[in-house]
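In: here is the input, now give the coordinates:
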Amino acid sequence: MDLFETERTKESSSKDLPLAVRMRPRSLDEFAGQQHILGEGKLLKRAIDSDRITSLILYGPPGTGKTTLAHVISNVTKSYFEQLNATTSNVAEMRGAIALAKQRKITNGKRTILFIDEIHRFNKAQQDVLMPDVEEGNPVLIGATVDNPFFSIVAPLISRSQVFELKPLTPADIVKILEAALHDRERGLGGLKIEMHKEALEHIARVCDGDARKALNALEVGALTTGPKNGVIEFTLEVAGESIQKKGVLYDRAGDSHYDTISAFIKSMRGSDPDAALYWLAKMLYAGEDTRFIARRIVICASEDVGNADPQALVVANAAFQVSEFVGMPEARIPLAQAAVYVACAPKSNAAYMGIEKALKDVEEGRTREVPTHLKDASYHGAKQLGHGEGYKYAHEYEKHYVKQEYVAGGKKYYIPTEIGYEKKIKEWLEGLKRNNSPIVN
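Out: I've put the predicted structure just below:
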């Protein structure tokens with residue numbers, strides 16, 4: 001076999017690799033996302049640039065670049081790359097890899113990076129095998145895990161390694177990766193004439209859950225299985241939905257569909273239709289809408305449209321906001337649905353909302369009213385000489401803790417409670433107080 005045949009075979013086998021493997025970044029400049037650890041001036045970036053890499057544990061969900069980052073570190077530091085997978089490797093293989101690393105160091109001075117994928121799968125005894133050589137720095141261990149390493153990796157190994165958490169890639173990161181694959185003629189799909197619809201690209205970026213591998217696989221499947229028309233592959237939203245096995249919903253998060261859908265959601269809750277509210281909620285969640293945006297709308301609706309007719313609605317809505325933030329998707333759909341249904345089914349009153357609107361209008365357009373002298377602060381030295389607090393009646397000294405006195409000049413009414421739900425009780429209570437104002441208790 002001659003050299004050229006070897007090179008042709010290598011090139012052919014490279015083209016047979018999945019797109020996600022072919023597009024693996026070769027340098028930090030090509031690496032997308034993870035700026036919290038790889039941004040300019042960050043510790044890991046400085047360590048890589050200065051070739052001062054010590055053993056690392058990379059922790060994060062699938063497709064966030066753990067294996068890729070290990071390869072990049074190997075390329076930048078010009079180290080030999082040895083890869084094992086803890087699900088299939090054993091102690092003998094580990095010892096063999098470590099022995100070869102030592103031999104390389106002695107023979108040509110070349111350092112070895114030993115990358116162990118799914119390192120959390122090794123038991124304590126297997127992890128302990130790594131300890132002496134990791135401590136000496138040859139090989140340099142880079143372990144990858146989807147589990148929290150502080151619970152799944154032995155403490156001595158953790159103490160000898162730096163732990164970096166990789167986070168799910170943002171849709172913007174994924175779009176950048178997909179566009180690079182579409183235009184790269186050497187490793188990507190640049191040799192194909194692909195008309196990529198914007199909504200198709202954004203759909204893949206949204207629903208891949210921050211997993212670049214999943215996104216690139218979907219792109220490759222869609223491009224290679226869609227028949228060209230006049231030599232052009234039209235990559236539509238429908239193709240994207242089939243490729244990533246999640247139906248594409250027309251939902252532009254920055255356009256009309258976004259605002260129309262949230263409008264329908266709010267109006268369904270306001271209109272006491274829990275079924276419609278759940279449908280619009282489901283559409284937004286399926287399309288990848290930000291759960292915080294949805295939760296904020298539920299909280300506002302609970303206050304604006306339910307108000308004091310059922311004060312518990314705001315409590316439920318706010319709890320759903322906090323819980324959904326804490327648990328994340330997909331579980332966040334449950335508290336959001338519970339809150340949306342509660343708000344939709346609750347009695348409605350916008351009296352508090354209308355009250356503050358009227359008061360704000362008076363402040364904005366009318367003459368600013370001075371605080372009555374008897375209500376002014378009388379706690380500081382000299383306040384009494386100005387008459388501050390004189391004549392103030394302390395409500396708790398009166399029956400039912402109420403006494404009639406002027407709290408704002410003009411006595412204009414802003415809050416007019418309805419006779420719906422709990423607000424009916426509020427109305428009756430306020431009216432009762434004013435009818436039965438009692439004398440001072442001695």
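In: report the separation between Leu114 and Ser79.
Out: According to Cβ to Cβ, to the nearest Å, Leu114 and Ser79 sit 10 Å apart. Quick note: C-beta positions are derived from backbone N, CA and C, even for glycine.
In: who has more neighbours, the two?
Out: Leu114 (26 against 20; other Cβ atoms under 10 Å).
In: tell me the bridge partners for that one.
Out: Beta-bridge partners for Leu114, by DSSP bridges, are Glu82, Leu141.
In: mind listing the helices for the stretch 151-300 of the chain?
Out: 155-159, 171-183, 198-207, 212-225, 237-243, 256-270, 274-286, 291-301 (DSSP state H, counting those that start in this stretch).
In: contacts for the third one?
Out: If I follow you right, that is helix 198-207. 171-172, 174-175, 178-179, 215, 218-219, 222, 235-237, 239-241, 243-244, 246, 248, 250, 252, 287-288 (Cβ atoms under 8 Å, 6 or more residues apart in numbering).
In: okay, and the common contacts of Leu114 and Ser79?
Out: Shared contacts of Leu114 and Ser79 (Cβ under 8 Å, 6+ apart): Val140.
In: redo the helices of the stretch 151-300 of the chain as JSON lines? Include distance to Arg333.
Out: Output for these, formatted as JSON lines (distance: least, Cβ to Cβ, whole Å):
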{"stretch": "helix 155-159", "distance to Arg333": "35"}
{"stretch": "helix 171-183", "distance to Arg333": "19"}
{"stretch": "helix 198-207", "distance to Arg333": "15"}
{"stretch": "helix 212-225", "distance to Arg333": "20"}
{"stretch": "helix 237-243", "distance to Arg333": "20"}
{"stretch": "helix 256-270", "distance to Arg333": "14"}
{"stretch": "helix 274-286", "distance to Arg333": "5"}
{"stretch": "helix 291-301", "distance to Arg333": "8"}
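In: any chance of CSV for those, columns mean pLDDT and distance to Asp51?
Out: Shown next, in CSV, are the helices of the stretch 151-300 of the chain (pLDDT from 0 to 100; distance: least, Cβ to Cβ, whole Å):
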stretch, mean pLDDT, distance to Asp51
helix 155-159, 90, 23
helix 171-183, 94, 26
helix 198-207, 89, 34
helix 212-225, 92, 26
helix 237-243, 88, 40
helix 256-270, 87, 47
helix 274-286, 91, 46
helix 291-301, 95, 41
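In: so how far is His203 from Met23?
Out: The gap separating Met23 from His203 is 19 Å, by Cβ to Cβ.
In: who's more crowded, those two?
Out: Neighbour totals were compared for Met23 and His203, and His203 leads with 29 against 24 (other Cβ under 10 Å).
In: surely Arg297 and Ser268 touch.
Out: No. Look at Arg297 against Ser268 with Cβ atoms under 8 Å: they stay out of range, at 11.3 Å.
In: which residues do the two both contact?
Out: With contacts taken as Cβ under 8 Å, 6+ apart, Arg297 and Ser268 have no neighbour in common.
In: output the longest helix along the chain as PDB, restricted to C-alpha atoms.
Out: If you go by DSSP state H, the chain has its longest helix at helix 91-108. Taking C-alpha atoms only, helix 91-108 is exported to PDB below (Å, rounded to 0.1, in the frame of the first residue of the first chain):
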ATOM      1  CA  VAL A  91      -8.200  -1.500  35.100                       C
ATOM      2  CA  ALA A  92      -5.900  -3.400  32.700                       C
ATOM      3  CA  GLU A  93      -6.600  -0.900  29.900                       C
ATOM      4  CA  MET A  94      -6.100   2.000  32.200                       C
ATOM      5  CA  ARG A  95      -2.800   0.600  33.400                       C
ATOM      6  CA  GLY A  96      -1.700   0.100  29.700                       C
ATOM      7  CA  ALA A  97      -2.600   3.600  28.800                       C
ATOM      8  CA  ILE A  98      -0.700   5.000  31.800                       C
ATOM      9  CA  ALA A  99       2.400   2.900  30.900                       C
ATOM     10  CA  LEU A 100       2.400   4.100  27.300                       C
ATOM     11  CA  ALA A 101       2.100   7.700  28.600                       C
ATOM     12  CA  LYS A 102       5.200   7.200  30.700                       C
ATOM     13  CA  GLN A 103       7.100   5.600  27.800                       C
ATOM     14  CA  ARG A 104       6.200   8.500  25.500                       C
ATOM     15  CA  LYS A 105       7.400  11.000  28.100                       C
ATOM     16  CA  ILE A 106      10.800   9.200  28.400                       C
ATOM     17  CA  THR A 107      11.200   8.600  24.700                       C
ATOM     18  CA  ASN A 108      10.200  11.900  23.100                       C
END
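In: show me where the stretch 51-200 of the chain dips below the pLDDT cut-off.
Out: Across the stretch 51-200 of the chain, nothing is flagged by pLDDT under 70.
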